[in-house]
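Colleague: the following block contains a protein sequence and its predicted model.
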Amino acid sequence: MVTYNIRVFAFTILGLVFLTYGIIFISTQNLDSIDLNKAVSHISTTISINVILWTVFIKWAWKWKMFYPWLVPFPNLSGEWTGELKSNWNEKSLDPILTEIKINQTFFNVQVKIKTNESRSHSIGASFDIDKDRGLEQLIYSYINTPKSSVRERSEIHYGSTLLIFEGYKVNEMEGQYWTDRETTGDIKLKRKNVA
C-alpha cells in the first residue's frame with residue numbers, strides 16, 4: 001500500500017484549476033469592463049484543459065523527476081530487467097534460473113511479465129508497499145506461470161507471489177523472494193537492463 005499525500009494532491013489540483021482559469025481570464029477579459037458571460041464560459045474551458053493536463057500526467061508525466069517524491073510516492077520501475085531465480089525445489093539442487101522481466105507501469109497500474117527458458121508468467125495483481133516510517137519499499141505481485149508443454153510433466157501450471165525490495169526512486173537493482181502454490185519458494189535478484 002502506498003500512502004498518498006492527499007493534501008498535496010488537493011492543493012495541486014485546485015492550484016492548477018485556479019492558475020488555468022486566471023490565465024484564461026486575464027488573457028481574454030478587458031479588466032475595465034468584465035464580461036460575466038465570457039467569465040462563466042471560461043469554467044468549461046478550464047475543466048477541459050485540466051482534464052487534458054491530468055491525462056498527460058497519469059499516462060506519461062508522472063515519470064518526470066520534478067514530481068518525485070512530493071507528488072509521486074513510488075519509483076518508475078518500467079522497463080526490462082534481467083536476473084536469476086534460486087529455487088528450494090528438490091532440496092535446492094537446481095542451478096540458478098536465468099530470468100527476464102518486463103515491467104509496464106502507469107501512475108495507477110503495474111504489470112509484470114516474466115520469462116525463463118522453460119516458462120512464461122504474467123502478473124494478475126501488483127501493488128507497491130511503501131512506508132518510510134517502517135522502512136518498507138517493496139513491490140508485491142501475484143502471477144500465473146505457464147511452463148512450456150515440453151516440460152509440463154514435471155512442471156505444472158501454477159500460481160505464485162513475489163516480493164521485491166528496492167531502495168529510493170532511482171532503482172537499478174531489486175531482490176526478494178517468491179513462493180508458489182506448488183509449495184516451493186526461492187530468492188530472486190534483478191538488475192535493470194533499460195528504462196521504458
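Modeller: Cool, got the structure.
Colleague: you'd agree Trp70 is up against Phe11?
Modeller: No - Trp70 lies out of contact with Phe11 (CB atoms under 8 Å); the separation is 10.5 Å. Quick note: C-beta positions are derived from backbone N, CA and C, even for glycine.
Colleague: mind listing what's buried along the host helix or strand of Ile144?
Modeller: Assigned by DSSP states H and E, Ile144 belongs to strand 136-147. For strand 136-147, the neighbour count (16 or more other CB atoms under 10 Å) marks Glu137, Gln138, Leu139, Ile140, Tyr141, Tyr143, Asn145, Pro147 as buried.
Colleague: same for that strand, what does it pack against?
Modeller: strand 110-115, strand 119-131, strand 158-165, strand 173-180 (3 or more CB pairs under 8 Å, 6 or more residues apart in numbering; DSSP states H and E).
Colleague: residues in contact with the third one?
Modeller: Among residues not part of strand 158-165, those counted as contacts by CB atoms under 8 Å, 6 or more residues apart in numbering are 112, 121, 124, 137-145, 174-182, 188, 190.
Colleague: so what are the sheet partners of that strand and their directions?
Modeller: Using DSSP bridges, the strands paired with strand 158-165 are strand 136-147 (antiparallel), strand 173-180 (antiparallel).
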